[in-house]
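# got a structure for you, letters missing:
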Ligand SMILES: C[S@@+](CC[C@H](N)C(=O)[O-])C[C@H]1O[C@@H](n2cnc3c(N)ncnc32)[C@H](O)[C@@H]1O
């Protein structure tokens, strides 16, 4: 399968069965045990990022690009905390849902600014670029180009999360739970931390903070890197 296929499958998935599934997981309604575990794990990743940014001071000074924003799980609390957020996702349905959640949470529709966009076509310059749990959709050979592009948009900091390859076997056993039944059409790619760090370093960034969230069904390694 080539990368274009991967990308159109991911887009199609997050506009159909994947949308229904992830909207529920990233919500607060009733879900099954596996989905609840993933919801809790993902929330820990979101909280960790919010904690790092808040610990560094006033968020109202920051412009943030949330690349692959999903339903706005991170973008919305960042905007609530005062940051100017530019959020985008390849899936129209995810962006529509994110806009609806923003109206509900903030009663406004100008922050975050949402856009339907493939992150590899994003342009602009932002203090901080964040990309959470998107690399799972990128094969090894496309990871370098994708992270390098995000680095080119970041003035001072980039935060990325990915499923670490060390958990590969465990995840393989559980992968059916991520994409069950007829929607099992997207592939999940793990990445070696040393490979991700190498790309960040090559683009002039060095890792400042790191964290690992591990629940029964959710694995996410989080790195924050700043310009050297
Ligand atoms: C697992 S969700 C994570 C969403 C969000 N970052 C979060 O943590 O709540 C992955 C998201 O990445 C989006 N995505 C995948 N490939 C993308 C691409 N090339 N450009 C933009 N968004 C992409 C999907 O549509 C989906 O909304």
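Everything's here; your move. Treat the numbers as computed from the prediction; the structure is a model and nothing was measured. Numbering: from 1, shown residues only.
# Low-confidence ranges, this structure, go.
By pLDDT under 70, the weakly predicted segments of the chain are 1-4, 167-185.
# Next, the residue of it at minimum distance from the ligand: phi, psi?
The nearest approach of the chain to the ligand comes at residue 70, 2.6 Å away (Cβ to the nearest ligand atom). To be clear about C-beta, it is placed using only N, CA and C from the backbone, and glycine gets the same treatment. Per-residue torsions, residue 70: phi 60, psi -130 (degrees, to the nearest 10).
# Now the residue nearest the centre of the chain: closest residue in space that isn't a chain neighbour?
With distances taken as Cα atoms, centre = their mean, residue 132 lies nearest the centre of the chain, 2.1 Å away. Using Cβ to Cβ, 6 or more residues apart in numbering and skipping residues adjacent in sequence, the residue nearest residue 132 is residue 161, 4.8 Å away.
# Name every strand pairing with the helix or strand encompassing that neighbour and say which way it goes.
When elements are assigned from DSSP states H and E, residue 161 belongs to strand 154-162. Each strand paired with strand 154-162, and its direction, by DSSP bridges: strand 126-131 (parallel), strand 219-227 (antiparallel).
# I'd like those strands as TSV, with mean neighbour count and distance to the ligand appended.
Shown next, in TSV, are the strands paired with strand 154-162 (neighbours: other Cβ atoms under 10 Å; distance: least, Cβ to the nearest ligand atom, whole Å):
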stretch	mean neighbour count	distance to the ligand
strand 126-131	23	7
strand 219-227	21	9
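# Adding distance to residue 90, write the ones you listed out as a markdown table.
Conversion of those to a markdown table gives the following (distance: least, Cβ to Cβ, whole Å):
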| stretch | distance to residue 90 |
| --- | --- |
| strand 126-131 | 12 |
| strand 219-227 | 20 |
